[in-house]
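> sequence and predicted structure, then a few things I'm wondering about:
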Amino acid sequence: MENLVILKKEDLNDFVMQIARTKKVVAPVKKGVKSFAFEEVTSGERIDLDYTSTILPPKKYFLPQKETIVEYDKSKKKWTPTLYSEEIVLFGVHTCDLFGIQCLDIIFSENPKDFNYILRKNRILIIGLECSNYCDENASCALMDNHNPNGGYDLFFTEIDDRFIIHVNTYHGEKLINKTGLCTKADKRDISELRLLKERKRNVFKNEVDIPYAELKPLFEKSMKSKVWDEIGEKCVSCGNCTNVCPTCYCFDIIDDINLDLNTGTRTRVWDSCQNGSFAEVAGGENFREDRGERQRHRLNRKFNYPVSKFRRYFCTGCGRCTRACVAGIDLKETINSLIEEKKGN
Amino acid sequence: MKAKVAFFDFACCEGCQLQVANIGEALLDVLDKIDVVEFREVMSEKSGGDYDVAVIEGSITTKHAIERIKEIRSIAKVLITIGACASIGGVNGMKNNFELPEIKKYVYGEDEKYFDSVPTMAVDQVVKVDYYVHGCPMYVPEFVTVLKHALMGIPYKAPEKSVCTECKLNENECLFDRGLTCMGPVTRAGCNSWCINNGNICYGCRGMLDDPAKTGQIEILKKHDIPLEWVTNKFNMYNKAKDVKENENE
Amino acid sequence: MDKREIRKSPYDIKQGKILDVKQMTESEKSFKIALQGGDLLDHDPGQFVMVSIPGIGDAPISISSSPTQRGYFELVVRNVGKLTGALHKMEAGDTVGIRGPLGNGFPIRLLEGNDLMFVAGGLGIVPLRSLINYVNDNRRNFGKVSILLGCKSPTEMLFHEELSHWEERLDVNFSVTVDSAAPDWRGNVGMITSLIPGVDLDSKRTFAIVVGPPVMYKFVINELLAKNIPESQIYMSLERHMKCGVGVCGHCQIGGSYCCKDGPVFCYTKVKNNIEAL
Amino acid sequence: MSKNYDIKVEYLTRVEGHGNIVVNVRDNKLEKAELHIVEAPRLFEGMLRGRSIFEAQHITSRICGICSCGHTLASIQAAEDAIGFTPSKQTIELRKLLLHYETLDSHLLHIYLLVAPDLLGVKSFVPLISTHNKVVRRALRMKKTCNDVCDILVGRHVHPISAIIGGFTKLPSVGEITDQLTFLYDMRADMDATVELAATLKFPQFEREMEFVGLVSDDGEYPFLMGDIGSTDNFRYPKNEYKKVTNEFIVPHSSAKFAKHKRESYMVGALARLNLNYDKLHPKAKAVAEAIGLKPMCYNPFLNTAAQLVECVHALEESIRILKELRDRGVNYSEQIVVGLNETNNIEVKAGEGYAAVEVPRGILFHHYEVDDKGKIVNANCIIPTNQNVNNIEHDMKKLVPEQMEKSEEQMTLLMEMLVRAYDPCISCSAHFLDVKYINR
Ligand SMILES: Cc1cc2nc3c(=O)[nH]c(=O)nc-3n(C[C@H](O)[C@H](O)[C@H](O)COP(=O)(O)OP(=O)(O)OC[C@H]3O[C@@H](n4cnc5c(N)ncnc54)[C@H](O)[C@@H]3O)c2cc1C
Ligand code: SF4
Ligand code: SF4
Ligand code: SF4
């Protein structure tokens, strides 16, 4: 195979350092005792490739928590659409998160095209990373069929023994590999080991919830009036963690900031959450999703129902973050199971 | 015309005023937009009651203070409270956990009777407040935002989200997962999860959420095996003043 | 971080110069606005714009004038908060930011050649006026036109002059009702639903266009269905919280649809099974 | 000519907290020279009872926003003493660093914003913005730097976050140490300019022989965080005998609790420290002291401000030393702790009593707790520097007023204000102060 190369593990540090010399490299590093986050690194030292999915997904680089979209000058009566961006090499992205990025790509490429997103994205080089095992019991990536890569990367690393087998997927990726000069061509043995690993994965990753992939949308369609939403609504405290950590949630608010001169300033786009109480409130006091259960129903329908009609794909990557991040212990797999149970009961 | 701004302090540690000084050279930009006409901590000038905006720090703990704040309110077009003491009562409210004569006696012995002291109240328990800057100490970026809103004459509302929201955005490992009780889930956001970013728990200094989802909160405690009193005890640290009924101190 | 200007952004804002401000009721003002350089807004009736004031933000406001009205467009704004409050403080000569027109607007081509029944509650008359005036200006292309208007009280009624003009026109069947009124009010008192049974219509060729507060829709639609108007001929304009106005930010979602992009005008058939719609 | 003064300064400005000055002179005879404290009582010690000892530093920090790091450190010291916890070396070093930051910050605030206007003959720093723009900018810049390094070290300067019983909940990364160093290096130039400016300032002439109290120690370090209680009258006590020094008492003519040791009153603060430990100052600081002619024994309380300046230089240089050592040695991150209210019993707790004596900017601060075996506070006592100084201030006034009878009432008022301000009183701290003026007087 032409597009497979090898990087020795011992050369990883060098590899990262070389790239970091000219570009910002972000990679998973440890946070606290058992959590991880994508952060800037300058060498391989802090990188932890044996990580469970990071607290925030890599979406924070594509859709920053707070980003300038327009700058204005009041006295000149002028608004200027503006983009701040930088070159980034995003290293060590799990397959579920690769899918998450692809989902965002679709949303922001719809008409009217969002050039803040598109132009920023074009400056980010993505290096994926194969998962040989589950992050933890909260993941449902096999159900969502995201435990294997479906494109969406420039380079893809698979860790085997003392080396990485790298799939070179784009010209940008190839240039990067060539620049470091640290990689060698993969041989037959590498290829067969890669195949073996994929075999093994088949035994590790099994659908985590007892429902076929295609049945998920009908399940949610039929569950609009389910009691399960009331039960979840009782537990939920509307902190918005589930949406903030979700790789495919992209709701936002638009806020004006003004400088101390009270003349110039920026219009920014900041992450918002459909779980906030006033998210769907309008003047006059009407709130279209006042109930916490309704808001949770909406969140999951935006993963398992609405986008399927529109884009023929689920917007859940199966990463398990929403479950992990919920202070109140609302569990995605449990929720789906309860819906299944309820339907069985009927 | 520049707005005339006056700073007043009641029972407090004056830390929020100090936060103003900590703005640094940018303070001069602020001073470019306003006329500070009274600020006892750093200025000897007195305005003689001519000002547009009153910035209030500290809680109301004496009869004299009740009269003074009413007077300030009657002059001020706009009234801003800064810090937990003024906005929700703050740590001063902890004295409301005790019988007043008893706690006074503990601290001052037999001279207790000379003291003018009433149960601690937040400013809005006595007069109307237009803008709140929460926190102990107040979070400076929020203060600047509120000031700008006040100068532009538009309303400002602190975020309705909980501190957890910001905590997650800062990618902190949740302290509940490490066996600690954090007030984040019930506390109003806006401080950028200051304490958790620095490895401590949230103490709830910004006050309780308007709508904290009680059943859900109890669920959280159950999930982590935490007795309710741990939380109420912590909660009382900043929020006890709000127990005082209206007009109780008049 | 590198900074650059973006030439084509959905968040680009045009300068709108306020030509005239009129106090309409206690809390509503109307604004005549012209785009800078005489640019045409080029909107369809039922569309809206995002009105911007730097440092404060923006808000969706329906365009209340018909595209047949040249040189400027009109907005009617109720003072409810931050942006609307600031807008109310502005005067002729001031500049606001205009983003849009946004949304789908009413299906004019579909309405042509048919009878129309407009049902407006409260502020609902604001977007509807755009269409009514368009229809009146192209009166030949449409069949029978009736306008039903409901208000809380006579003092809250907008567009007094135009209303009496409609009342006088022979080619328009106009009726109005208020929830309550002082004794000198000579018109109807009662809910808007009470006007519908009395309208003489040919249900097969009538399109009903309904705009009003959220609570109104269910009751009005029941009355319309009782008059045998087909579901596919009932249109309404819905209001939701909106931020981006281009179908991304999520605030205005009604189930899987975006009110700002797929709407705000929806056909009843599209939303009747959407439990979040009505 | 017989001289009369009837001075009453209500709500003394440019001090922390509320105080009134009352001076009466009838026919050349001083009748009254008093400093009334009218701070609303906040009853901190009372509130502490029943709370977890692990909350003590969080709560007592709120006694005063200006010296909140000092209260935090004193509280931690007393609490650890009570429950029997011994902090690590690294922890102690970091705490010293924090205390230096606070000293620097508080002294600078006092020198520039509170005292300088008096010496430059204006009412506040605001008019200085136009007349001395560079000075004001420098002051604000230095203040901001102190704030920024504190932010990096403990989350924020007002009510520090990460300094708790047991150590620190967040330890500075390598980058953060470098950042702090950079900030401090950059500050040196401004510090030089500050010293230069101070050399031109004229302080009022006045002397009164008095006792100075502060920390003393046997090592070579100018003591801020640790040591025994010492006095220029050659007394020395371990910190658990602090009451032998403070001897709080109530006097009929005034409403505040007073402190005295063996003489009628004593002084604490920068000048006391300098008089006690002059030899241990950082060489650079000593050079500054020499340059401005400050050396022990100095009996002019107005020069407390000058002593603060010397301590600023000391604190800056010592901070740099600690940071450099930390950088070279490397931070031991395994010492980072997660404690909360010790729900997980990370730190062992036993019943006991604990004491702290810490030199905060305004002088020696005592915290004293009694804790039960569950870690609940049974009793608490805090004695604040200003508490100890009020008695001394009044004695200063009594000597100063008769010496300056040629002054107009206005001049005398200003002089009295300047005297009180020289002590940098922190009245908001004064949990102990009584005020009976508003009722029954
Ligand atoms: C398609 C559409 C057309 C509209 N047309 C008109 C019109 O012609 N005239 C008119 O007066 N009003 C109209 N509105 C309502 C108007 O957008 C809101 O009153 C306005 O956004 C409030 O902004 P504010 O900054 O003044 O209020 P805020 O101070 O931000 O908030 C006040 C209240 O308004 C609600 N609100 C805030 N932002 C929005 C928003 N973007 N959309 C809806 N509600 C919001 C808040 O939930 C709150 O209850 C329309 C709304 C929509 C969605
Ligand atoms: S819904 Fe939950 S599991 Fe699915 S992608 Fe979002 S965070 Fe991950
Ligand atoms: S640490 Fe506290 S604030 Fe952060 S998520 Fe957990 S409970 Fe919320
Ligand atoms: S984290 Fe909690 S205690 Fe800390 S500043 Fe924020 S609200 Fe206050």
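Yep, it's here. Ligands and ions are numbered 1, 2, ... in the order given.
> can we go C-alpha only for contacts and neighbour counts from here?
Fine.
> so who does the residue nearest to A:F15 when sequence neighbours are not counted touch?
Leaving aside its sequence neighbours, A:F15 sits nearest to A:T180 (Cα to Cα, 6 or more residues apart in numbering or on different chains; 6.4 Å). Listed by Cα atoms under 8 Å, 6 or more residues apart in numbering or on different chains, the contact set of A:T180 reads A:F15, A:Q18, A:I19.
> for B:D9, list the residues it contacts.
B:I56, B:E57, B:G58.
> with the contacts of A:T180 in mind, which one is nearest to chain C?
Ranked by distance to chain C (Cα to the nearest Cα), the contacts of A:T180 are led by A:I19 at 17.5 Å.
> name the member of the contacts of A:T180 with the most neighbours.
Each of the contacts of A:T180 was scored for neighbours by other Cα atoms under 10 Å in any protein chain shown, and A:F15 scores highest at 22 neighbours.
> and that one, what pLDDT?
According to the prediction, A:F15 has pLDDT 93.
> with just CA atoms, put the helix or strand harbouring it into PDB.
Element membership for A:F15 (DSSP states H and E) is helix A:12-20. In PDB, the C-alpha atoms belonging to helix A:12-20 read as follows (Å, rounded to 0.1, in the frame of the first residue of the first chain):
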ATOM      1  CA  LEU A  12       7.300  10.600  18.200                       C
ATOM      2  CA  ASN A  13       8.900  13.300  20.400                       C
ATOM      3  CA  ASP A  14      11.100  14.400  17.500                       C
ATOM      4  CA  PHE A  15       8.100  14.300  15.200                       C
ATOM      5  CA  VAL A  16       6.100  16.600  17.400                       C
ATOM      6  CA  MET A  17       8.900  18.900  18.200                       C
ATOM      7  CA  GLN A  18       9.700  19.400  14.500                       C
ATOM      8  CA  ILE A  19       6.100  20.300  13.700                       C
ATOM      9  CA  ALA A  20       5.800  22.500  16.800                       C
END
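> list the buried residues for the helix or strand that comes right after that helix?
Remark: after helix A:12-20, the chain's next helix or strand is strand A:24-31, criterion DSSP H and E. Neighbour-count burial for strand A:24-31, counted by 16 or more other Cα atoms under 10 Å in any protein chain shown, picks out A:K24, A:V25, A:V26, A:A27, A:P28, A:V29, A:K30, A:K31.
> repeat for stretch A:125-135
The neighbour-count check on stretch A:125-135 (16+ other Cα under 10 Å) flags A:L125, A:I126, A:I127, A:G128, A:L129, A:E130, A:C131, A:S132, A:Y134, A:C135 as buried.
> pull the most distant pair out of the residues you listed.
The most widely separated members of the buried residues of stretch A:125-135 are A:L125 and A:Y134, with 25.1 Å between them, by Cα to Cα.
> just put the contacts of B:D9 in CSV and tack on distance to chain C and secondary structure.
What follows is the contacts of B:D9, written out as CSV (distance: Cα to the nearest Cα, whole Å; DSSP: H, G, I helix; E, B strand; the rest coil):
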residue, distance to chain C, secondary structure
B:I56, 24, strand
B:E57, 26, strand
B:G58, 29, coil
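> got a ChimeraX select line for the buried ones in those?
Selection of buried members from those for ChimeraX, criterion 16+ other Cα under 10 Å:
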select /B:56,57,58
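> skipping its backbone neighbours, what lies nearest C:I18 in space?
C:I18's closest residue in space is C:I33 (Cα to Cα, 6+ apart), at 4.5 Å.
> so that neighbour sits against C:Q69, correct?
No. Using Cα atoms under 8 Å, C:I33 is not in contact with C:Q69; the gap is 11.7 Å.
> give me the more crowded residue out of those two.
More crowded of C:I33 and C:Q69, by other Cα under 10 Å: C:I33, with 24 against 13.
> and the pLDDT for that one?
95.
> repeat that for B:P101.
For B:P101, the predicted pLDDT is 69.
> what's the answer for C:C249, then?
In this model, C:C249 carries a pLDDT of 93.
> do C:I61 as well
Among the per-residue scores, C:I61 holds a pLDDT of 96.
> with respect to ligand 1, which of the contacts of B:D9 is nearest?
Nearest to ligand 1 among the contacts of B:D9: B:I56, at 24.5 Å, using Cα to the nearest ligand atom.
> so D:C298: helix, strand or coil?
Look at D:C298: counting by DSSP: H, G, I helix; E, B strand; the rest coil, its state is coil.
> contacting residues for A:L12?
So A:L12 contacts A:G44 (Cα under 8 Å, 6+ apart).
> make that D:I53, sorry
D:A79, D:V371, D:G375, D:K376, D:I377.
> again, only this time at 6 Å
For D:I53, the contact set (Cα atoms under 6 Å, 6 or more residues apart in numbering or on different chains) comprises D:G375, D:K376, D:I377.
> surely the last one and D:R49 touch.
I take that to be D:I377. Yes. Between D:I377 and D:R49 there is a contact under Cα atoms under 6 Å: 5.2 Å.
> which SS class is B:K4?
From three-state DSSP, the assignment for B:K4 is strand.
> and what of the one 4 residues further on?
Three-state secondary structure (criterion: three-state DSSP) places B:F8 in strand.
> bridging residues for it?
On the basis of DSSP bridges, B:F8 is bridged to B:I56.
> what is the burial count for it?
Close neighbours of B:F8, defined as other Cα under 10 Å, add up to 18.
> could you do A:T42 as well?
Count around A:T42 with other Cα under 10 Å applied: 19.
> residues in contact with the residue nearest to C:I18?
The contact partners of C:I33, by Cα under 6 Å, 6+ apart, come to C:G16, C:K17, C:I18, C:L19, C:Y72, C:F73.
> in a strand, the third one, correct?
Yes. Remark: C:I18 belongs to a strand, assigned using three-state DSSP.
> pLDDT at it, what is it?
pLDDT, C:I18: 95.
> residue ranges of the helices in chain C, please?
C:82-88, C:108-111, C:125-137, C:160-168, C:216-226, C:268-271 (DSSP state H).
> show me where the stretch 1-150 of chain A has helices.
For the stretch 1-150 of chain A, applying DSSP state H, counting those that start in this stretch gives helices covering A:12-20, A:59-62, A:95-109, A:115-121.
> to D:E34, which of those helices lies closest?
Nearest of these (Cα to Cα): helix A:59-62, 61.6 Å.
> what angle do the helix holding A:F15 and strand A:24-31 make?
Angle between the axes of helix A:12-20 and strand A:24-31 is 130 degrees (criterion: axes from the mean of the first three to the mean of the last three Cα atoms, to 10 degrees).
> now helix A:12-20, how far from the centre of its chain.
Centroid displacement of helix A:12-20 relative to its chain, using Cα atoms, centre = their mean, to the nearest Å, is 24 Å.
> tell me how many other residues crowd C:E26.
By other Cα under 10 Å, the residues close to C:E26 number 10.
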